[in-house]
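J.: What follows is a protein structure lacking sequence information:
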């Protein structure tokens with residue numbers, strides 16, 4: 001798992017078809033040495049990977065992305081400025097898992113995505 005040691009789960013609440021999680025980002029993770037030196041930014045692909053990993057943790061199975069309807073990265077996550085991210089993940093189970101997720105902290109939304117997994 002590439003994102004190992006990148007973040008820790010600080011809060012994880014689940015209700016039917018909703019995951020509300022808070023993660024704490026490790027600003028000293030090796031990814032930030034190259035993305036970008038002196039001005040670290042959490043790559044968008046890793047933000048999406050974290051959503052997938054939280055879904056896998058809850059569902060107890062491995063997921064594979066089938067389609068990505070839309071993803072918008074609205075603000076950057078600099079781990080030296082923003083250590084925590086609140087994730088709101090809504091999903092509908094079925095043959096295909098339909099997911100609507102967002103990441104934010106305080107009044108800043110970092111991303112929104114709509115994807116499906118099998």
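T.: Cool, got the structure. Just so it is clear, the structure is predicted and the values come from calculations on it, not from any experiment.

J.: For the closest residue to residue 47 other than its chain neighbours, give me its contacts.
T.: Closest residue to residue 47 apart from its sequence neighbours, by C-beta to C-beta, 6 or more residues apart in numbering: residue 111 at 5.4 Å. Every C-beta, even on glycine, is put in place using the N, C-alpha and C of the backbone. For residue 111, the contacting residues are 44, 47-48, 71-74, 102-103, by C-beta atoms under 8 Å, 6 or more residues apart in numbering.

J.: Looking at these, which are in helices?
T.: Among those, the members falling in helices (DSSP state H) are 44, 47-48.

J.: that older thread, select, from the contacts of residue 111, the two members most distant in space.
T.: Using C-beta to C-beta, the pair of those lying farthest apart is 48 and 74, separated by 13.9 Å.

J.: Which of the two has more residues huddled nearby?
T.: residue 48 (19 against 12; other C-beta atoms under 10 Å).

J.: mind checking the backbone torsions on residue 34?
T.: phi -110, psi -10 (degrees, to the nearest 10).

J.: Could you measure from it over to residue 41?
T.: Distance of residue 34 to residue 41, computed by C-beta to C-beta, to the nearest Å: 11 Å.

J.: Mind giving me the packing neighbours of the helix or strand where residue 66 lies?
T.: Assessed by DSSP states H and E, residue 66 sits inside strand 65-73. For strand 65-73, the packing partners by 3 or more C-beta pairs under 8 Å, 6 or more residues apart in numbering; DSSP states H and E come out as helix 44-59, strand 108-117.

J.: can I get the ones you listed in CSV with distance to residue 90 and mean pLDDT?
T.: Listed next are the helices and strands packed on strand 65-73 as CSV, based on distance: least, C-beta to C-beta, whole Å; pLDDT from 0 to 100:
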stretch, distance to residue 90, mean pLDDT
helix 44-59, 11, 97
strand 108-117, 10, 98
